[in-house]
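Visitor: Quick one, what's the 3D model for this:
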Amino acid sequence: MRNMTRRDLVKTSAGMVAGMAAAAVPAGLAAAVHTVRRGRQAPRLRFAVIGMNHFHIYLMVDAVARGGGELAAVFVREPDLRAAFIERYPHARVVADERAILDDDAIQLVLSSIIPNERAPLGIRVMQHGKDFIADKPGITTLEQLAEVRRVQAETRQFYSIMYSERFESPGTVKAGELVKAGAIGDVIHTIGLGPHQVGLTERPEWFWDPDAYGGIICDIGSHQVDQFLFLTNS
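Guide: Numbers count the residues shown, from 1 in each chain. As a prediction, the model looks like this:
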């Protein structure tokens, strides 16, 4: 299953996220949005979570599980975040150190929404242990990290994937992509990307106000629009 499923699971998981978003739109639109069968595959790909400093991890876990994955273990440093995660996924084995996951040959994939500037270093460790990696966006915060991720990915041939929720979660983006692919609007020659967000002073963690930690506003929010541009223009 490893050779066949790694790529298929990543693609299927992305489709499941889009499918979940489609469930929230009117029936006429939802019927046109790509859906993925919910049937489980066997044997199932075992995956784990290391770090969860953003709630996107729940969407990521659910998408991979629906795509055929089995949540096997979790390592979270923060007691409150760990407790919330285990309440939702009580079957996940809690480990005391990330090495318990990295050294487990039965685990093939690691998900993470750890603090953004820690994602690339973690993903590098994951790939060096022979596992694939899916990070919440932004998956990389500096050009130096990008260069190192590319180097290690080329050496290990593991997957380093980034979850862009505003493409996979947005019914409008999903539908726009399908219309473009079908040729309904001809060649895309121009796009406009807007990313309004509330500041959320009472909800943002302390690291969010540190540009070195979260990568800056263009990296954190603008990356969504860059991703959508590449997607819609097939670049």
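
Visitor: And stretch 205-212, how far out from the chain middle?
Guide: For stretch 205-212, the distance between its averaged C-alpha position and the chain's averaged C-alpha position is 20 Å (CA atoms, centre = their mean, to the nearest Å).

Visitor: what does that stretch rub up against?
Guide: Residues lying outside stretch 205-212 but in contact with it, judged by CB atoms under 8 Å, 6 or more residues apart in numbering, are 53, 115, 117, 213, 214. No exception for glycine: its C-beta is placed from N, CA and C like everyone else's.

Visitor: Looks like the second one contacts residue 53 (just checking).
Guide: Yes. Counting by CB atoms under 8 Å, residue 53 is a contact partner of residue 115 at 5.0 Å.

Visitor: Looking at those two, which has the bigger crowd around it?
Guide: Regarding residue 115 and residue 53, a neighbour count based on other CB atoms under 10 Å identifies residue 53 as having more, with 23 against 19.

Visitor: three-state assignment of residue 204?
Guide: Three-state secondary structure (criterion: DSSP: H, G, I helix; E, B strand; the rest coil) places residue 204 in coil.

Visitor: that older thread, show me which of the contacts of stretch 205-212 is closest to residue 182.
Guide: Each of the contacts of stretch 205-212 was scored against residue 182 by CB to CB, and residue 214 proved nearest at 36.8 Å.

Visitor: Nearest to the middle of the protein, which residue? Look it up for me.
Guide: For the chain, the residue sitting closest to the mean C-alpha position, by CA atoms, centre = their mean, is residue 163 at 2.7 Å.
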